[in-house]
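K.L.:
here's my sequence, what's the structure:
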Amino acid sequence: MPAKSKHMEQRKQRIANAKKNARLAGRLRRRRRLQALGGLLAIAAVLTLAYLLQSGFFADEEPAAEETPTSEVTDAPTVESTESATAESTETPTAESSETPSESETE
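P.N.:
Next up, the predicted model:
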């Protein structure tokens with residue numbers, strides 16, 4: 001619909017330009033907010049990663065068996081001694097061993 005006068009035409013153009021600028025400004029505000037949020041998340045991630053690295057969260061802990069060299073181990077039980085110890089502990093006492101008098105009783 002054409003404007004009736006030059007002033008009305010200019011007024012319509014100003015209003016259209018103001019609406020267009022308002023839309024563009026809104027888009028820019030939203031984009032800046034998202035960029036700021038992304039930046040804050042990136043900073044938080046870097047700080048968290050740095051803290052975890054300093055606290056040793058990612059350090060590989062070696063098993064306890066590898067901490068002591070085998071040359072320093074002196075009391076390593078052998079397979080035979082562990083088998084004989086388990087066999088002795090499972091035996092029941094015989095009547096002979098309970099009837100033998102002690103040295104103090106025989107004197």
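
K.L.:
shaky segments in the protein?
P.N.:
1-3, 62-107 (pLDDT under 70).

K.L.:
residue 43: helix or strand, and which one exactly?
P.N.:
In the assignment (DSSP states H and E), residue 43 maps to helix 6-55.

K.L.:
could you say what helices and strands that helix packs with?
P.N.:
Judged by 3 or more C-beta pairs under 8 Å, 6 or more residues apart in numbering; DSSP states H and E, helix 6-55 is in contact with no other helix or strand. No exception for glycine: its C-beta is placed from N, CA and C like everyone else's.

K.L.:
measure residue 22 to residue 29 for me?
P.N.:
Separation of residue 22 from residue 29 (C-beta to C-beta, to the nearest Å): 11 Å.

K.L.:
now swap in residue 7 and tell me
P.N.:
Distance from residue 7 to residue 29, by C-beta to C-beta: 33 Å.

K.L.:
reduced to three states, what does residue 60 come out as?
P.N.:
coil (DSSP: H, G, I helix; E, B strand; the rest coil).

K.L.:
I'd like to know how many residues surround it.
P.N.:
5 (other C-beta atoms under 10 Å).

K.L.:
one more: residue 12?
P.N.:
Count around residue 12 with other C-beta under 10 Å applied: 13.

K.L.:
next one: the one 4 residues further on
P.N.:
The criterion is other C-beta under 10 Å. On that basis, residue 16 has 10 neighbouring residues.

K.L.:
next: the one 10 residues further on.
P.N.:
When neighbours are counted by other C-beta under 10 Å, residue 26 registers 10.

K.L.:
the one 3 residues further on too?
P.N.:
Summarising burial for residue 29: neighbours were counted as other C-beta under 10 Å, giving 10.

K.L.:
how far away is it from residue 47?
P.N.:
Residue 29 is 27 Å from residue 47, by C-beta to C-beta.
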